[in-house]
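Visitor: Any chance you could fold what I've pasted below:
(one chain, ligands or ions: 1)
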Amino acid sequence: MSKSTYILGISCLYHDSAAALIRDGKIVSAIQEERYTRKKHDAQIPVHAISNCLKEAAISPGDLDYVVFYEKPFLKFDRILETYFAYAPRGFRQFLMGIPQWLKQKLHVPRELDKALNGEFKGRFVFLEHHKSHAASAFFPSPFSQAAIITLDGVGEWTTASIGTGQDNQIKLKYELHFPHSLGLLYSAFTYFTGFKVNSGEYKLMGLAPYGKPVYQDLILKELLDLKEDGSFRLNMDYFTYCYTQVMVGRKFEQLFSGPRRKPESPITQREMDIAASIQKVTEEIMLRIARFAHKETGMKNLVFAGGVALNCVGNGRILRDGPFENFWIQPAAGDAGAALGAALFVHYQLLNNPRKPDERMDTQSASCLGPTYSNNEIRQFLDSVGACYHYHEDEPKLLEQIARDIEQNKVVGWFQGRMEFGPRALGSRSILGDARNEQMQMRMNLKIKFRESFRPFAPSILLEQASDYFELPHDEESPYMLLVAPLRDSYRIKMSEEQKKISGFELLKVKRSQVPGITHVDYSARVQTVDAVRHGRYYRLLQQFKKNTGCPLLINTSFNIRGEPIVCSPENAYNCFRSTNMDVLVLQDCVLYKAEQPEMKKVEINDYLQQFKLD
Ligand SMILES: [Fe+2]
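Guide: Alright, predicted model coming up:
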């Protein structure tokens, strides 16, 4: 029997560090470090993620054949130096602040990774360009043997966007856009200006957009960028300060939008809503133009997509609906965490020239449930150790019947099962679930369970076979990774009265817009996750049971965490989150806990828990 080849992909030292392990081309494990350290977007060397990848494969660092890093540090340093000299003497302070970390860590990645691997690694280090890592993460796990590839993010070394093709076991990038011209950074600049956190609040900006009107769209296109027909563009750098300061935009930008940046956590006004709507429209336009150009240049019918901008699911919905491609696959860990996986797959296919035979009915991402799992014994041991009161259900149908009934009775359920998700979305392994038919649910879950802003919408998980009854998903596309936004069908909408049509801003939250108000955004859209029997197992069966009881094939699915907290990883994380919030029920695989039956938690303990996570 020949020896297996193990390749470990790593992304770190910027944000969202992660490790991914593949064995003979099969994904064994992929994990974000933040899930272990409990620090959102943790950028440190992912020692916990690495060790858990190795544990999953039952190997030691000495068994690894390749360790591949998701970017080229020297090329990135070159970009930083060149940018500094181009803007000098401006940016001197920022330059001085950044240099120690480069000299200490970032320019010595092999040494640092050697340390993380206990000095036992004897194989070869590989460094791959950042956008090749993203492109590989989009193409190699996809179900296509050939596809056009688009990558869009903030920045890697120099590249901020690329277009290429994937053919069997090879990818080729043909067109690139370079720093400082970047769609990711443009969106982040507006994220910053509207008072949200860069590299994490982009999602909030997208969620805010439907409350506003795109009144600044023309201004943005006229003043801030020169957009070409092929989707490429040049930013007017007079307005952006990210090349030489820690902040994204300065005074000139403020003048353009008639006032200073919104202070974080201060009230959101109509201006921020309109800005959000405007930059979202511009982003969609750029995404669509790039998609059309990629289609024209490659002649392919399939498209794959990765990079942080691929998390803009409203834009993805537009590409699918209005773009020229027939099929579309997006890497669920589209940000930098997923680049660790792409880098590892690149070595296996492209560098080692191993054959690739995709199954066109199913990707190889395994529902993106690639993280750690915990046995019922481990869960029970933990629950016993903390004196929790729980009901153990060996019989799955009974458990599902009970939980479906609890949800129907408006209980909010923490749902923990199987392997943890890789990527930013909870997909039914570490989720909080609720009844979408309940009008109060969005407000209640936002304010009492997640402790987050009341305007933020929730997403539905829906049985795949009924998805197109409820949502307008073009070509009956599936959406197992919750990366597509689609309009709710007319038959489920509740038409607004003439009086209601005059309502604007967050007042719209009070208007019941559909028969499933918990997941219907103010523009009647929803970020859909389709749930199928093959990928989703017990979660699929829970939805089936809920449908059997109520006739409704969908549930609210939001990530199992509170604001600022990484998604829960272990039973202990889940138990702590359950205890510190107003969640009613916790399902830890076969164990069911009710809040009312638990020993009371002291207020000070709850506060300690809530305060350990910085607001994002
Ligand atoms: Fe990236």
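
Visitor: Near the ion, which residues of this structure are found?
Guide: For the chain, the contact set with the ion under CB under 5 Å from the ion comprises 153, 336. All C-beta spots, glycine's among them, are computed from the backbone N, C-alpha and C.

Visitor: Scan the helices and strands of the chain for the one with the lowest mean pLDDT.
Guide: Ranked by mean pLDDT, DSSP states H and E, the weakest helix or strand in the chain is helix 92-104, scoring a mean of 79.

Visitor: What's the first helix or strand after it?
Guide: helix 109-116 (DSSP states H and E).

Visitor: and that next one, C-alpha only, in PDB?
Guide: These are the backbone C-alpha positions of helix 109-116, laid out as PDB (Å, rounded to 0.1, in the frame of the first residue of the first chain):
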ATOM      1  CA  VAL A 109       6.900  32.500   8.200                       C
ATOM      2  CA  PRO A 110       8.800  29.200   7.800                       C
ATOM      3  CA  ARG A 111      10.500  29.700  11.200                       C
ATOM      4  CA  GLU A 112       7.200  30.600  12.800                       C
ATOM      5  CA  LEU A 113       5.400  27.600  11.300                       C
ATOM      6  CA  ASP A 114       8.300  25.300  12.200                       C
ATOM      7  CA  LYS A 115       7.700  26.400  15.800                       C
ATOM      8  CA  ALA A 116       4.000  25.800  15.500                       C
END
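
Visitor: tell me what it is packed against?
Guide: Judged by 3 or more CB pairs under 8 Å, 6 or more residues apart in numbering; DSSP states H and E, helix 109-116 is in contact with strand 66-69, strand 124-127.

Visitor: Now tabulate those strands in JSON lines and tack on mean pLDDT.
Guide: Formatted as JSON lines, the helices and strands packed on helix 109-116 follow (pLDDT from 0 to 100):
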{"stretch": "strand 66-69", "mean pLDDT": "98"}
{"stretch": "strand 124-127", "mean pLDDT": "96"}
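
Visitor: in the stretch 151-300 of the chain, which spans are helices?
Guide: Per DSSP state H, counting those that start in this stretch, the stretch 151-300 of the chain carries helices over the ranges 183-193, 202-208, 217-219, 251-256, 270-298.

Visitor: wait, which of those is closest to residue 141?
Guide: Of all the helices of the stretch 151-300 of the chain, it is helix 270-298 that lies closest to residue 141, at 19.2 Å by CB to CB.

Visitor: List the neighbouring strands of whichever helix or strand comes after that closest one plus their orientation.
Guide: Sequence-wise, the next helix or strand downstream of helix 270-298 (DSSP H and E) is strand 302-306. Paired with strand 302-306 in the same sheet, following DSSP bridges, are strand 146-152 (parallel), strand 327-330 (parallel).

Visitor: residue in this structure nearest to the ion?
Guide: residue 153 (3.6 Å; CB to the ion).

Visitor: Could you report the pLDDT at that residue?
Guide: With respect to pLDDT, residue 153 scores 97.

Visitor: One more: residue 574?
Guide: 98.

Visitor: repeat for residue 1
Guide: Residue 1 is given a pLDDT of 61.

Visitor: before we move on, what about the one 3 residues further on?
Guide: pLDDT, the model's per-residue confidence, is 96 for residue 4.
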